[in-house]
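> Dropping a prediction and its sequence here:
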Amino acid sequence: MTPAVILITAALLDYLIGDPWGWPHPVRVMGWVISRLTKLAQKFCLNSIAQRLAGILLGIILIIGSGFSGWLIIQSAMWLHPLFKIALESIILASCFAFRSLRTAAVTVLQPLTAGQLEEARQILSNYVGRDTQNLDQPEVLRAVLETVTENATDGVMAVLFYAIIGALMPMVGPAPLALAYKASSTLDSMVGYKEAPYTYLGWFSARLEDCLTWLPCRLTVMTLAFFSGKPLHIWRICLRDAVADPSPNSGWSECAYAAVLGVQMGGTNWYRGLAKQKPLLGDATYPITPASIDHALQLTRYCFLLWLGVAIAILSIVPNK
């Protein structure tokens with residue numbers, strides 16, 4: 001039952017503590033490595049083929065390296081004491097979950113927004129989204145927050161839990177190493193997985209790989225949300241109608257499922273560095289997006305997380321851990 005204990009402890013740590021500011025964090029290490037390797041690749045790889053190959057190498061080094069480094073640290077802790085190993089792996093896994101961070105980000109924007117301090121809300125929002133925020137009105141700020149919360153619910157919470165569960169079912173691996181490997185893929189995608197220069201060729205492998213790794217947990221999340229809605233066929237029909245129009249194979253599905261459950265509509269015109277980009281409309285605008293919509297979305301993510309965690313613990317309790 002050790003993997004189950006680690007999963008439960010990590011979930012509690014993320015819920016109660018999250019990521020304390022200034023503490024060491026695996027993603028910061030990953031970001032530092034990606035930044036250094038990217039600069040080297042851009043310096044020495046001067047054509048598209050060389051940059052594509054460098055992108056593949058970058059992805060392999062970071063993803064396998066992150067998972068293996070985590071496994072090595074955890075095994076070293078095991079040699080010192082089994083309880084130290086459990087504690088350390090729980091802390092590492094908790095650092096991979098992002099639910100509390102997601103809620104904190106939403107709250108820090110909503111507090112000044114509901115107090116009528118629109119300009120402050122815009123400035124805080126700019127720390128969390130890539131779109132231009134300086135001219136957003138209140139409904140657009142709320143839409144941006146909800147889209148961020150629902151997109152990151154999959155790659156920041158549910159997909160990490162999915163790979164932690166897979167690792168927990170592999171006694172020689174454990175929950176944290178696979179979660180770290182997925183987190184490395186997600187970090188790569190957020191840093192270099194762009195179609196625009198200078199990452200057009202260097203980041204293509206990271207972007208495609210992250211799409212593939214997130215595909216299954218994303219669909220499972222959509223099905224879980226549909227289950228909680230009490231009208232699964234309705235939710236699935238809306239996703240088949242709208243999510244397929246989104247250029248991302250995953251974020252559109254995640255956002256659309258939440259939109260369908262909440263009865264709101266996401267998507268529309270976003271501005272990036274002064275250029276307008278039209279995103280497909282997801283869901284039906286039965287209700288306006290409100291702070292309560294965002295809180296409900298966060299609650300849905302928590303329910304999904306707890307359901308998956310409960311199922312995983314039940315499976316681990318009957319599967320022999322050799």
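Right, received. Where do you want to start?

> alpha carbons only for contacts and neighbour counts from here, please
Noted.

> which residues of the stretch 51-200 of the chain fall in helices?
82-96, 99-114, 118-125, 138-153, 159-168, 175-192 (DSSP state H, counting those that start in this stretch).

> Flag every buried residue along the shortest one.
With burial defined by 16 or more other Cα atoms under 10 Å, the residues of helix 118-125 counted as buried are 118-119, 121-122, 124-125.

> Same check on the second one?
For helix 99-114, burial by neighbour count (16+ other Cα under 10 Å) applies to 99-102, 105-107, 109-110, 112-113.

> same question, the first one
Residues 85-96 are the ones in helix 82-96 that count as buried (16+ other Cα under 10 Å).

> For it, which helices and strands make contact with it?
Packing contacts for helix 82-96, counted by 3 or more Cα pairs under 8 Å, 6 or more residues apart in numbering; DSSP states H and E, involve helix 2-16, helix 26-44, helix 48-80, helix 175-192.

> mind checking how far it is from the chain centre?
20 Å (Cα atoms, centre = their mean, to the nearest Å).

> The shortest one now?
Averaged C-alpha coordinates place helix 118-125 at 23 Å from its chain's average position (Cα atoms, centre = their mean).

> Which residues does that helix contact?
108-113, 133-134, 136-138, 141, 145 (Cα atoms under 8 Å, 6 or more residues apart in numbering).

> what do you get if the cut-off is 6 Å, keeping everything else the same?
Helix 118-125 is contacted by residues 109, 112-113, 133 when judged by Cα atoms under 6 Å, 6 or more residues apart in numbering.

> Equivalent analysis for the longest one, please.
Counting by Cα under 6 Å, 6+ apart, helix 175-192 makes contact with 63, 66-67, 70-71, 93, 160, 163-164, 167-168, 199, 203, 206-207, 210, all of which sit outside it.

> Max pairwise distance over these: which two?
Ala168 and Tyr199 (34.5 Å; Cα to Cα).

> Of these two, which one has the most company?
Legend: neighbour count by other Cα atoms under 10 Å for Ala168 and Tyr199, higher for Ala168 (26 against 18).

> shouldn't Ala10 be in contact with Ser95?
No. Taking contacts as Cα atoms under 6 Å, Ala10 lies outside contact range of Ser95: 8.1 Å.

> How about Asp19, nearest residue that isn't a chain neighbour?
In space, Asp19 comes closest to Ser95 once its chain neighbours are excluded; the distance is 6.5 Å by Cα to Cα, 6 or more residues apart in numbering.

> how close does the one you found get to Val157?
Noted for Ser95: a distance of 11 Å to Val157, by Cα to Cα, to the nearest Å.

> Same question for Ser126.
From Ser126 to Val157 the distance is 22 Å (Cα to Cα).

> Which one's more surrounded, these two?
Remark: of Ser126 and Val157, Val157 carries more neighbours, 20 against 14, as counted by other Cα under 10 Å.

> wait, doesn't the more buried one sit right on Phe97?
Yes. With contact defined as Cα under 6 Å, Val157 counts as touching Phe97 (5.4 Å).

> what's the overlap in contacts for those two?
With Cα under 6 Å, 6+ apart, Val157 and Phe97 have no common neighbours.

> tell me the SS of Leu46?
What DSSP: H, G, I helix; E, B strand; the rest coil gives for Leu46 is coil.

> okay, now it: neighbour count?
Neighbourhood size, Leu46 [other Cα under 10 Å]: 10.

> Look up phi and psi at it.
Here is the backbone geometry of Leu46 (degrees, to the nearest 10): phi -110, psi 0.
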